[in-house]
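K.L.:
Provided below for reference: sequence and predicted model.
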Amino acid sequence: MIKEQIKSEKGITLAALAITVVIMTILAGVIIFNASDSVRTEKLQNMQSDINVLSDKISSYYVQYGKIPVTAEYPSYPDFAYTFSEAIGATDTGKFYVIDLSALDNLSLNNGYSFENLKNVTSPLTEQQEKDNLDLYVINEDSHAIFYVQGVNTGAETYYTNYSSSDKDQESLSLVNVDQLYQNELYTPFYDINGSYKDKNENVVVVPAGFRVFMNNGENTVEDGLVIEDENGNQFVWVAVPKDIYTNVRSDTDYENIENALKSYTNDYTTTEYSDKYVSGDGGFNESDYNNQYHKMLTSIYNNGGFWISRYEIGSKNAGEAASNDTNVAPVSQQNAYPVVNKTQAQSEQIVRKLNNNANLLFGIQWDLTLKFLQENADLSMNDITTDSTKWGNFVNSSVNINQGQYQVDNWESINWMNINSGSTVTKATSSIWKLTTGASNSTKKLNIFDIAGNVAEWTLESNSTGNIIARGGDGYNQDSESSAENHAYHGISDANSYTGFRATIY
């Protein structure tokens, strides 16, 4: 009996054990699967976290230095199946480069350790170097999109970046827009960080954070005058500078040769009498800050192939505010504003910075580059720019059709303005002294930039050989104006008058 009971108990134990083994095997499989899934999820989150960190760091680096921090070119996409080629989107149009992690301060990443093997490599990577260094972050020069070369496999799919190339909204808010994506819209979305835009002619420009690009025909290409607008409605136009003019430049901090290349390119407007040299009180800067700002401008133009200029003379929506001799002004670069005048050059620099943290008065070389851009792309002869600009500017000796806004007659010290009725056109006769609100006449617009030639002269950070500061372009008040967009008018550092205003630049 006892033996039978023991046998019976042993039999039950073996069966139970078999069932237990089966159950444990199933549970183990579930646990292993879940653990594997958890590990994959963590790896994906680590990659996405890395890319977000890198995006923020690179954006800050770009704002400070005007370029992305990279080392060697990563040339082989999309030829190799083991790389991130399947994730490349329509906006990733430029070359790829290894991100220079050593250039980014306080950086902590989960991946990217292959950079240590490549940080001193400057020539394009070889196929073998690519195969041996997959734990690597690279960046596209146009879109600034960041990719993890090795990728993270989740079982169902392999991920290489933190956005989907098919996700239009995410892509637009990321770093780049191309006009084909928004061809049926008036604007691109606002850029949340500094990014790039490529027009239909393959021209790539840098768009500042907080701006959107106009998509209207005549405003959406570099050749026509590409227009951007911030969230407050302030508008700027891109002035392109060819990148093939820097034959002797060694780096983006080779300031002397960059300057020489720009002066050679604009030699029709550049003379030894005028230059961007500091004079005491210039722009309200000290000499060190002035030179640093000048060097920043040169580096930016060299790296980015141009700069932004305000579409309009800087104005105010309040006529009294625009005319008073103080800095209590809310500046705008918008149509139908009152040009801000009666300010010293230093006050003008102070006001223009209220428009945008990166805004400044133009240096003289930027004014010359703008004239060169107009010469090469607008219907203007050399004479129209350097000698007689009356056909496209508001001068005493020009006749101007005014399509909108307001105008002042004779007494420029007044704040009384006369309206243009909607749909009407008023013609200013030759020898009349009128001041116009910003963008009042389409005849004074070239490549979407208004009033470069006349209306009010414009303070710059330029000076002459005798230590005076310079206002560029002519104006509609002085009888002895040379009536030229190239004109230099020299003033003392404390001068302010009703016929000199200013314009903004962002670079």
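P.N.:
In hand now; what should we look at?
K.L.:
wait, what's in contact with W308?
P.N.:
Residues near W308 by Cβ atoms under 8 Å, 6 or more residues apart in numbering: 208, 228, 236-239, 505-507. Just so you know, the C-beta spots here come from the backbone N, C-alpha and C atoms, and that holds for glycine as well.
K.L.:
what separates it from S55, distance-wise?
P.N.:
23 Å (Cβ to Cβ, to the nearest Å).
K.L.:
Out of the contacts of W308, which sit inside strands?
P.N.:
228, 236-239, 505-506 (DSSP state E).
K.L.:
ranges for the strands of the stretch 51-200 of the chain?
P.N.:
70-74, 96-99, 137-140, 146-148, 152-153, 158-159, 176-178, 195-198 (DSSP state E, counting those that start in this stretch).
K.L.:
Which among those strands is found nearest to W392?
P.N.:
Within the strands of the stretch 51-200 of the chain, the stretch nearest W392 is strand 195-198; the backing value is 27.5 Å (Cβ to Cβ).
K.L.:
for the closest one, packing partners?
P.N.:
With contacts defined as 3 or more Cβ pairs under 8 Å, 6 or more residues apart in numbering; DSSP states H and E, strand 195-198 has these neighbours: strand 176-178, strand 204-207.
K.L.:
Give me the contact list for the following helix or strand past the longest one.
P.N.:
Going back to what we said before, that points to strand 204-207. Using DSSP states H and E, the helix or strand that follows strand 204-207 in sequence is strand 211-213. Applying Cβ under 8 Å, 6+ apart, the set of residues contacting strand 211-213 from outside is 177, 179, 187-191, 197, 207, 220, 226-230, 236.
K.L.:
what are the pairing partners of strand 211-213, and which direction each?
P.N.:
Taking DSSP bridges as the criterion, strand 211-213 forms sheet pairs with strand 227-230 (antiparallel).
K.L.:
got the contact list for the strand it pairs with?
P.N.:
187, 207-208, 210-214, 219-220, 235-238, 308, 311, 356, 448.
K.L.:
doesn't S60 make contact with L107?
P.N.:
No. In this structure, L107 is not within contact of S60 by Cβ atoms under 8 Å, at 11.5 Å.
K.L.:
dump the residue contacts of V409.
P.N.:
Taking Cβ under 8 Å, 6+ apart, one finds 418, 432-434 in contact with V409.
K.L.:
Show the low-confidence segments of the stretch 101-250 of the chain, by residue range.
P.N.:
For the stretch 101-250 of the chain, the stretches flagged by pLDDT under 70 are 155-156, 163-184.
K.L.:
swap in the stretch 401-507 of the chain?
P.N.:
479-482.
K.L.:
circling back to that earlier point, pipe the strands of the stretch 51-200 of the chain into TSV and attach mean neighbour count and distance to L374 per row.
P.N.:
Shown next, in TSV, are the strands of the stretch 51-200 of the chain (neighbours: other Cβ atoms under 10 Å; distance: least, Cβ to Cβ, whole Å):
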stretch	mean neighbour count	distance to L374
strand 70-74	20	34
strand 96-99	24	34
strand 137-140	25	32
strand 146-148	26	38
strand 152-153	16	50
strand 158-159	16	47
strand 176-178	25	26
strand 195-198	24	21
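K.L.:
just so I know, which of those lies nearest Y407?
P.N.:
Closest among the strands of the stretch 51-200 of the chain, using Cβ to Cβ: strand 195-198, at 35.4 Å.
K.L.:
Convert the C-alpha atoms of that closest one to PDB, please.
P.N.:
What follows is strand 195-198, C-alpha atoms only, in PDB (Å, rounded to 0.1, in the frame of the first residue of the first chain):
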ATOM      1  CA  GLY A 195      17.600  76.200 -40.600                       C
ATOM      2  CA  SER A 196      17.900  76.100 -44.300                       C
ATOM      3  CA  TYR A 197      15.700  76.700 -47.300                       C
ATOM      4  CA  LYS A 198      16.400  75.600 -50.900                       C
END
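K.L.:
And the strands in the stretch 251-400 of the chain?
P.N.:
Under DSSP E, counting those that start in this stretch, the stretch 251-400 of the chain gives strands at 274-275, 306-310, 315-316, 338-339, 359-361, 400-402.
K.L.:
for the ones you listed, which one sits closest to R40?
P.N.:
The closest of these to R40 is strand 306-310. By Cβ to Cβ, the value is 44.4 Å.
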